[in-house]
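**Q** need coordinates for the below:
(chains A, B, C and D)
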Protein chains: 4
Amino acid sequence: MNAKANEQLIEFYERNRNRARLLISCPDQPGIVAAVSQFLFNEGANIIQSDQYSTDPEGGRFFMRVAFEIPGLETREKALCRAFEPVAARFAMDWRISFAYRIKRMAIFVSKQEHCLLELLWQLQSGDLVAEVPLVISNHEDHRELVESFGIPFYHIPVSKETKRAAEAEQLELLADNVDLIVLARYMQVLSPEFVAHYPNRIINIHHSFLPAFVGSKPYERAYERGVKLIGATSHYVTNELDAGPIIEQDVSRVNHRHNVQDLKRIGRHIERVVLARAVKWHLEDRIIPYNNKTVVFV
Amino acid sequence: MNAKANEQLIEFYERNRNRARLLISCPDQPGIVAAVSQFLFNEGANIIQSDQYSTDPEGGRFFMRVAFEIPGLETREKALCRAFEPVAARFAMDWRISFAYRIKRMAIFVSKQEHCLLELLWQLQSGDLVAEVPLVISNHEDHRELVESFGIPFYHIPVSKETKRAAEAEQLELLADNVDLIVLARYMQVLSPEFVAHYPNRIINIHHSFLPAFVGSKPYERAYERGVKLIGATSHYVTNELDAGPIIEQDVSRVNHRHNVQDLKRIGRHIERVVLARAVKWHLEDRIIPYNNKTVVFV
Amino acid sequence: MNAKANEQLIEFYERNRNRARLLISCPDQPGIVAAVSQFLFNEGANIIQSDQYSTDPEGGRFFMRVAFEIPGLETREKALCRAFEPVAARFAMDWRISFAYRIKRMAIFVSKQEHCLLELLWQLQSGDLVAEVPLVISNHEDHRELVESFGIPFYHIPVSKETKRAAEAEQLELLADNVDLIVLARYMQVLSPEFVAHYPNRIINIHHSFLPAFVGSKPYERAYERGVKLIGATSHYVTNELDAGPIIEQDVSRVNHRHNVQDLKRIGRHIERVVLARAVKWHLEDRIIPYNNKTVVFV
Amino acid sequence: MNAKANEQLIEFYERNRNRARLLISCPDQPGIVAAVSQFLFNEGANIIQSDQYSTDPEGGRFFMRVAFEIPGLETREKALCRAFEPVAARFAMDWRISFAYRIKRMAIFVSKQEHCLLELLWQLQSGDLVAEVPLVISNHEDHRELVESFGIPFYHIPVSKETKRAAEAEQLELLADNVDLIVLARYMQVLSPEFVAHYPNRIINIHHSFLPAFVGSKPYERAYERGVKLIGATSHYVTNELDAGPIIEQDVSRVNHRHNVQDLKRIGRHIERVVLARAVKWHLEDRIIPYNNKTVVFV
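**A** The predicted model follows:
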């Protein structure tokens, strides 16, 4: 990363050094919020933001995200988690505490189109997104100069039908189980189930249509053929079914009969980059809880 | 129609008594606009609005809509059309002149849901839409009182699989080839190809999804299942393929994980009525030229 | 109210008979959520939805809305409030419990324009809004028939500069301190400070501009003059300063050079009715906490 | 400009080498379109797009933009203009022909905030915008490296109250009456009337509010204070009255009580860059006709 980005990271660290987020998913029943908030009070926490949602107060599933601040948190990470274990056990919670000052590591995969990559790099630089980017991987050489100008290592790993298995092995080795998130910023290769299994709900893709319309390839061409009056983009977690993973964010833009396929692509680029950046931001801020092939997003 | 609506019609007639719209579709080539505008100038016309579009200036298809005003137009309708024939022939035009003061006749078909019907009736009354509504046809009794309170005849024609053919025959008889437009305002019966053939590009349906996503029944339920972050509605001309006719207008509204199917339906109702009313308005104002299962809409 | 609206009310009552909302505003400090949720747990409450917001966890103001369900709530209203008093006192809370099954009473004031009135009446009928409307007051006779057709008493109270004081006295007498909300549905008279003082944060107005642009009269004319590319509407609580009360909701619609003042008014009507209806819905569902001439809206 | 941008320019030139746009503003009267289209037909032009607008067909002002293609246009520029003169004289037209292959020269002025500058540079590189950028001028040193990395000369001209006159003189000398457009991409200095007079309707500013709300400084702070529910941005031509020039484009984004001033600025940055880029694109494509302190925008 370059100097400006580094500064952003340091400033972010200082601002967040006592902050964490508790994420919970469990069967709903009375008493959960009381137990959680009593726990946080006992630990001396200041609650900064709290959101919750229940699919049904009777027999449904309960989701919660609490952002809080505890002085001296860095030295008490483990103790805090251990202290929460009995509460979690009592309500059969899936849970985790994410420490906000631990800056997430995000890999970016990209092919030839650069607009989503550029948006991410700029938002990282401006501080709108906060993450460390240890590497960018591409199946083309095109964006090496751009990526390296941001001080980020760039790896060119070509992919063909024959080399796909080897390419993914190389990618996994580079990732080294040491990234929190992989962003497919218009990466035009389908990842194998084996690859996806390494990063469940940690790979975000941008699809250039308003899903579930136009699943698969050439969505702008098909949108043009169908004569739609709005085009869209969808960011989602990658699963083994093509373009069918949990949707994180969608947006659209108005088009009309004057717009040809090139126009749709141009207009679409602006929706894609915004919709992808929002999803990445929410993931980095631990705002997304995937459930049942959908997402609960606390914004 | 009741008194207020009648007043609106009279006022509209006065305001438009010299107005017409020329609609053209033909192979593109140089000289079309020159010929058309020279023709209108020779006829003493004031051009009020003119729009055109070409799929490609070389070898493409050309579309044009000109709204104009000619003093004493009412007495010269036929002469004007005859005078245009040589121009039309020269460029192999599909064309028509629609006289704005000839108020269009619009039938409304409705089932149990009333929001689209209500929106149309209200916009007719306020003058946002201008049409005569000679009848409302429903396969249920529910909305008789409402419709009749607007002074509009209401016909209850139940439809079952067995009676569908007879029901459509009855509908066609009531319509008597004397309506310019049929609006399916949440009419939950599929019309037969025979029926549709009577009114090509003159039946507008509102589908409660962002087509081509969720073609067919229960779109809100399926949108909920898929976890989309926007829901939409689509107005389109009816063809023989279900929900696949030329799209006229679409719009969307943002939803999130908190919204259950009932919420989606409630939010969706507001999009549906707006999207349907816009399409109806554009049809009544001769702003839509269907072509190639798509629409050119001059707004 | 007519039969259909009555049915809606009964159904609503049944669905909400054990439901209430606790609304809190107090200086932020640790322990509030723990205390509130422990209280609710002790009372046997199921939390249905809970939202909170703090202007600043240190030294800021804290706002909370909890929707909950307690079996047999109707017979325990007073006991519940009494039980909460010590909690409220401990944190210096402004608070209230709103019992959801106690259907709110809403008066509507209207002048000549009917679109906002109509939207409210229809949303009341469809169940999108739930309230009892004991009366509609207008300074014109125009909408008597419409209002009475919904089974709602209509009062015509003309207002001139000379009669304003007397007119307001008559209005207050009709309201009899027995409404939860007054909606100014395009009521074109400015209420006196004396009147407003009777219903602080309980009078909702719709202003036909994107406030603070175009405060005061003729906003569409001024928007046209200024050549804006979006027009808007704003719903807000009425205070003594014209169009300067706490904003509840705003929305806009795109316009262009082709639209004259009449077009802006027509397009604006659709924004106005939607923006007003949303504000009314949120007020009826106790989702709005006014503070510091702004609103916290928990949706 | 760097290699990629250069490639875009060459490709653009090739695609547009026979293309031009005729822009007209004149008193409306019958026969204008006939005369213009006959002229273009006689000149062997293919009309690619044509738009027109009249404030009123009787006694109003008429505006027209025709994009057309004439083989060998480059060698006939002067002849074409001369040939049009009699038509223009007949209708008392303000007019110009803009030859699309003559790539416009655009200067960018910027202060410390970089998002608008970045968006322009990026869209220039991707070909979404087509212009030559002979220079970027800033009152701060900050963006030299960025600008020069795009191969664009960067000039640092500090401005204080005392040096303003001298600074503007230096700016004007650098511009050398040889730019078609000056873009104020968050340039936080007010230009003097003398400077503005050099570039009437050729300086585009982005104001970070939904004008006419929050004219002047600190609009996000004031939007926060007022508690608005949407924030916006406005691009406009610069005149001598602050933030009061003809509006070209506006857009808004939804905000709520949770957003503090910093959040509004972050969200606003994304609206600003989009709204500015749209205005610049329309100017470069000769789609804007300013009139009466408003704009006719043919898109």
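
**Q** my guess is A:Val110 contacts A:Arg186, does it?
**A** Yes - between A:Val110 and A:Arg186 there is a contact under C-beta atoms under 8 Å: 6.3 Å. C-betas here are computed from N, CA, C, even on glycine.

**Q** so what sits against both of those two?
**A** A:Cys116, A:Leu117 (C-beta atoms under 8 Å, 6 or more residues apart in numbering or on different chains).

**Q** neighbour-wise, which of the two wins?
**A** Taking neighbours as other C-beta atoms under 10 Å in any protein chain shown, A:Val110 and A:Arg186 compare with A:Val110 leading, 26 against 21.

**Q** residues in contact with the more buried one?
**A** So A:Val110 contacts A:Cys116, A:Leu117, A:Val136, A:Ile137, A:Ser138, A:His143, A:Ala185, A:Arg186, A:Tyr187 (C-beta under 8 Å, 6+ apart).

**Q** burial count for the second one?
**A** Neighbourhood size, A:Leu117 [other C-beta under 10 Å]: 25.

**Q** repeat for the third one
**A** Residues within reach of A:Val136, counting by other C-beta under 10 Å, total 26.

**Q** remind me which helix or strand whichever residue of the stretch 51-200 of chain A sits closest to chain B belongs to.
**A** Of all residues in the stretch 51-200 of chain A, A:Tyr53 sits closest to chain B, with a separation of 6.0 Å (C-beta to the nearest C-beta). A:Tyr53 belongs to strand A:46-54 when assigned by DSSP states H and E.

**Q** that strand near chain C at all?
**A** Yes - taking C-beta under 8 Å from any C-beta of the partner chain as the criterion, strand A:46-54 and chain C are in contact, through A:Asn46, A:Ile47, A:Ile48, A:Gln49, A:Ser50, A:Asp51, A:Gln52, A:Tyr53, A:Ser54.

**Q** filter those residues by proximity to chain D?
**A** Among those, chain D is touched by A:Gln49 when using C-beta under 8 Å from any C-beta.

**Q** how about the residues of strand A:46-54 next to chain C in JSON lines, adding distance to A:Glu148 and pLDDT?
**A** Formatted as JSON lines, the residues of strand A:46-54 next to chain C follow (distance: C-beta to C-beta, whole Å; pLDDT from 0 to 100):
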{"residue": "A:Asn46", "distance to A:Glu148": "42", "pLDDT": "91"}
{"residue": "A:Ile47", "distance to A:Glu148": "42", "pLDDT": "93"}
{"residue": "A:Ile48", "distance to A:Glu148": "37", "pLDDT": "92"}
{"residue": "A:Gln49", "distance to A:Glu148": "38", "pLDDT": "93"}
{"residue": "A:Ser50", "distance to A:Glu148": "42", "pLDDT": "94"}
{"residue": "A:Asp51", "distance to A:Glu148": "39", "pLDDT": "96"}
{"residue": "A:Gln52", "distance to A:Glu148": "44", "pLDDT": "96"}
{"residue": "A:Tyr53", "distance to A:Glu148": "43", "pLDDT": "95"}
{"residue": "A:Ser54", "distance to A:Glu148": "48", "pLDDT": "95"}
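
**Q** in the stretch 51-200 of chain A, which spans are strands?
**A** A:61-69, A:94-99, A:106-110, A:136-138, A:154-156, A:181-184 (DSSP state E, counting those that start in this stretch).

**Q** neighbouring strands - and their directions - for the third one?
**A** The one in question is strand A:106-110. Strand pairing for strand A:106-110, determined by DSSP bridges: strand A:136-138 (parallel), strand A:181-184 (parallel).

**Q** what's the longest helix in chain A?
**A** Longest helix in chain A, counting residues (DSSP state H): helix A:261-284.

**Q** pLDDT of it, averaged?
**A** Averaged across helix A:261-284, pLDDT comes to 97.

**Q** where does the stretch 51-200 of chain A get nearest to chain C, which residue?
**A** Counting by C-beta to the nearest C-beta, the stretch 51-200 of chain A gets nearest to chain C through A:Pro57 (4.3 Å).

**Q** now do that residue against B:Tyr224, distance only.
**A** 19 Å (C-beta to C-beta, to the nearest Å).
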